[in-house]
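A.B. asks: sequence? don't have it. structure:
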């Protein structure tokens, strides 16, 4: 109800920013473009009120439309001549009518449509796929004693499908807005302290440099980034002025900074470049925009003090020592080198650098001076508080002991 209210009552100029709080706009545009490109006449874009789902994603707090019952796609007539903005002028289709009236969302939609045309309507790919499906079912179809269509009709329809891809691609490409030329984004690596693809540590910012070319001029380049593995992105403009860690002014390299985040954070980003034509046609890198992104994680910072250390480990323990249940399990030995007791309650052990809080050391865990603590890495927490939720790899892996105050890596 909130989404419908915002969709119906928000002015076009504010619609994109408002909808972003209620709807996964980028995925919705992919959904609409795919349904229209593949002429699914058993769908929202044709019927407007049935044969689709809308799902509330609890992780993002956003609504997401889903295709349902797509058995009538690849329709040859009259759907082959569906326009790129099919039903967008019809107020009974608000996801099309409202969203595609907003210039920036319209351009994002067009960018996705161009990607679909270029990648999914590649006849070399589609013909190979048709051949693979045909090889899978051909003998069964030919020998089916109760088939509704003749084997000759079946063979003829395969060529109809091939023709559909060619004809539909050609028709979509006749649209004047699809024909607009968007910039090319050649690369967009990130840099930490000037070093390409160096993983940042706690609270260290990262610079992204995007190499962009265009035969149609460049109006602006935007960096979209998020410090969550799912959900909305923030946006910041990129500059080619030599003052934003972007190399030289006017060299086609655009720079912008992603702020530093705490250790263990997943950071996603992608680039949008708009041409200087009147429509401000856009392109993305990666082409999937918000749903095919660049990712990096923030590494833990090495602690200056290492009074508690990982002293010994044993993976693939078959005969050395048993746990409190008489079982041979992997184990980790922590040692307090100090002359004072150390409370390591709430510290973390992990074997996964992108999941730093994998196993939390129980409250009340104090290691006495020059004493040891054994943690069983057996994925069996039911056997006691010092049984971790991971095992050790016998062929080698990373193991971290982390201070929760700053996710400092102790050893």
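C.D. replies: Sure thing, it's come through. Quantities reported herein were computed from a predicted structural model and do not represent experimental measurements.
A.B. asks: and whichever helix or strand residue 105 is part of, what other elements does it pack with?
C.D. replies: In this assignment (DSSP states H and E), residue 105 forms part of helix 103-120. Helix 103-120 makes packing contacts with helix 12-19, helix 25-37, helix 151-172, strand 282-285 when contacts are defined by 3 or more C-beta pairs under 8 Å, 6 or more residues apart in numbering; DSSP states H and E. C-beta here means a position set from N, CA and C on the backbone, and glycine is covered the same way.
A.B. asks: Buried residues, it. List them.
C.D. replies: 105-117 (16 or more other C-beta atoms under 10 Å).
A.B. asks: what angle sits between the very next helix or strand once past that helix and helix 151-172?
C.D. replies: Where DSSP H and E defines the elements, the next helix or strand beyond helix 103-120 is helix 123-143. Interaxial angle, helix 123-143 versus helix 151-172 (axes from the mean of the first three to the mean of the last three C-alpha atoms, to 10 degrees): 160 degrees.
A.B. asks: thinking again about what came up before, possible to save the buried residues of helix 103-120 as CSV with pLDDT and distance to residue 80?
C.D. replies: Shown next, in CSV, are the buried residues of helix 103-120 (pLDDT from 0 to 100; distance: C-beta to C-beta, whole Å):
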residue, pLDDT, distance to residue 80
105, 97, 26
106, 98, 23
107, 98, 25
108, 98, 25
109, 98, 20
110, 98, 20
111, 98, 23
112, 98, 20
113, 98, 16
114, 98, 19
115, 97, 20
116, 97, 16
117, 97, 14
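A.B. asks: Redo those residues as a markdown table? Include distance to residue 325.
C.D. replies: Shown next, in a markdown table, are those (distance: C-beta to C-beta, whole Å):
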| residue | distance to residue 325 |
| --- | --- |
| 105 | 59 |
| 106 | 63 |
| 107 | 62 |
| 108 | 57 |
| 109 | 59 |
| 110 | 62 |
| 111 | 58 |
| 112 | 55 |
| 113 | 60 |
| 114 | 61 |
| 115 | 55 |
| 116 | 56 |
| 117 | 61 |
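A.B. asks: Quick check: residue 280 touching residue 108?
C.D. replies: No: assessed by C-beta atoms under 8 Å, residue 280 is found out of contact with residue 108, at 10.9 Å.
A.B. asks: Out of the buried residues of helix 103-120, which comes closest to residue 399?
C.D. replies: Distance to residue 399, by C-beta to C-beta, is smallest for residue 115 among the buried residues of helix 103-120, at 41.8 Å.
A.B. asks: was I right about the closest one contacting residue 287?
C.D. replies: Yes: look at residue 115 against residue 287 with C-beta under 8 Å: they come within range, at 4.7 Å.
A.B. asks: so where do the helices sit in the stretch 201-350 of the chain?
C.D. replies: Using DSSP state H, counting those that start in this stretch, no helices are found in the stretch 201-350 of the chain.
A.B. asks: low pLDDT regions in it?
C.D. replies: Nowhere does the stretch 201-350 of the chain drop to pLDDT under 70.
A.B. asks: could you show me where the strands are in it, in order?
C.D. replies: 206-213, 218-226, 234-238, 253-258, 266-275, 282-285, 294-297, 301-302, 308-314, 330-336, 342-343, 348-350 (DSSP state E, counting those that start in this stretch).
A.B. asks: and the angle from the fourth one to strand 266-275?
C.D. replies: Going back to what we said before, that points to strand 253-258. Using the same axes, to 10 degrees: strand 253-258 against strand 266-275 is 140 degrees.
A.B. asks: Kindly calculate the angle that strand 253-258 makes with strand 218-226.
C.D. replies: 30 degrees.
A.B. asks: Out of the helices and strands packed on helix 103-120, which is closest to residue 221?
C.D. replies: Among the helices and strands packed on helix 103-120, strand 282-285 comes nearest to residue 221, with 9.9 Å by C-beta to C-beta.
A.B. asks: Quick one: residues in contact with that closest one.
C.D. replies: 107-108, 110-111, 114, 182-185, 187-188, 210, 270-275 (C-beta atoms under 8 Å, 6 or more residues apart in numbering).
A.B. asks: Buried residues, that strand. List them.
C.D. replies: 282-285.
A.B. asks: Report how many residues lie close to the nearest residue to residue 311 once chain neighbours are set aside.
C.D. replies: Of all residues not flanking residue 311 in the chain, residue 335 sits nearest, at 3.7 Å (C-beta to C-beta, 6 or more residues apart in numbering). Number of residues near residue 335 (other C-beta atoms under 10 Å) recorded here: 17.
A.B. asks: can you check residue 371 too?
C.D. replies: With other C-beta under 10 Å as criterion, residue 371 counts 12.
A.B. asks: Hmm, residue 297 and residue 264 touching each other?
C.D. replies: Yes: between residue 264 and residue 297 there is a contact at 7.0 Å, judged by C-beta under 8 Å.
A.B. asks: Mind listing the shared neighbours of these two?
C.D. replies: Joint contacts of residue 264 and residue 297 (C-beta under 8 Å, 6+ apart) are residue 354.
A.B. asks: contacting residues for residue 53?
C.D. replies: 65-66, 68.
A.B. asks: Please pick the buried ones from these.
C.D. replies: Counted by 16+ other C-beta under 10 Å, those give residue 65 as buried.
A.B. asks: Identify those among the contacts of residue 53 that sit within strands.
C.D. replies: Among these, the members falling in strands (DSSP state E) are 65-66.
A.B. asks: can you put the contacts of residue 53 in JSON lines and add pLDDT and distance to residue 141?
C.D. replies: Compiled in JSON lines, the contacts of residue 53 are given as follows (pLDDT from 0 to 100; distance: C-beta to C-beta, whole Å):
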{"residue": "65", "pLDDT": "94", "distance to residue 141": "34"}
{"residue": "66", "pLDDT": "91", "distance to residue 141": "30"}
{"residue": "68", "pLDDT": "86", "distance to residue 141": "26"}
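A.B. asks: Make a markdown table out of the helices and strands packed on helix 103-120 and add distance to residue 143.
C.D. replies: Converted to a markdown table, the helices and strands packed on helix 103-120 look like this (distance: least, C-beta to C-beta, whole Å):
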| stretch | distance to residue 143 |
| --- | --- |
| helix 12-19 | 52 |
| helix 25-37 | 35 |
| helix 151-172 | 9 |
| strand 282-285 | 47 |
